[in-house]
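Asker: build me a model:
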Amino acid sequence: MNPDVTLKITDREGVLHEIQAPTDMAMNLMEVVRSYELAEEGTIGVCGGMAMCASCQCYIKSDHVLPEMSPDEDLMLAEAFYVEDNSRLGCQIPITPELDGLEVELAPES
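Answerer: Below you'll find the model as predicted:
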């Protein structure tokens, strides 16, 4: 069994990246974006994945079922720029086998 999933991530320049992400390393979407260097250093995951900034905000483009938004994530997005109905914080989305094929777009840097 392959512990990796395929993700389609559009970076802030509009370039689509189809990448493999491990499901067996307890990573979240923000960490995957950082590990593949899909956002400029220091512009994503500024708070270290604690839902205390919105630097990892992304737009969910596919119909995957995601974990319910926590109150902390909801409050952070309420204060963020460029928020859309499909906005989520990448640090709050764990990489699981159910996310195979997930499509996201990174929100503009704020």
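
Asker: got the phi/psi numbers for the spatially closest residue to Arg12 that is not a sequence neighbour?
Answerer: If the residues on either side of it in the chain are set aside, Arg12 comes closest to Leu106, at 5.1 Å by C-beta to C-beta, 6 or more residues apart in numbering. Where C-beta positions appear, they are placed from N, C-alpha and C, glycine not excepted. Main-chain dihedrals, Leu106, degrees, to the nearest 10: phi -70, psi 130.

Asker: next one: Asn28
Answerer: Taking degrees, to the nearest 10, you get phi -110, psi 170 for the backbone angles of Asn28.

Asker: circling back to that earlier point, ok, what's across the strand from the residue nearest to Arg12?
Answerer: For Leu106, the beta-bridge partners under DSSP bridges are Cys58.

Asker: any idea how far it lies from Gly14?
Answerer: From Leu106 across to Gly14, the span is 10 Å (C-beta to C-beta, to the nearest Å).

Asker: neighbour count: the two, which is higher?
Answerer: Leu106 (24 against 8; other C-beta atoms under 10 Å).

Asker: please tell me I have it right and Glu79 contacts Ala54.
Answerer: Yes: look at Glu79 against Ala54 with C-beta atoms under 8 Å: they come within range, at 7.4 Å.

Asker: more neighbours, the two?
Answerer: Applying other C-beta under 10 Å to Glu79 and Ala54 shows that Ala54 carries more neighbours, namely 24 against 9.

Asker: OK, contacts around the more buried one?
Answerer: Neighbouring residues of Ala54 by C-beta atoms under 8 Å, 6 or more residues apart in numbering: 76-77, 79-81, 83, 89, 107, 110.

Asker: most neighbours among those, please name it.
Answerer: Leu89 (30 neighbours).

Asker: in the sheet, who's paired with that one?
Answerer: Here Leu89, judged by DSSP bridges, has bridge partners Gln57.
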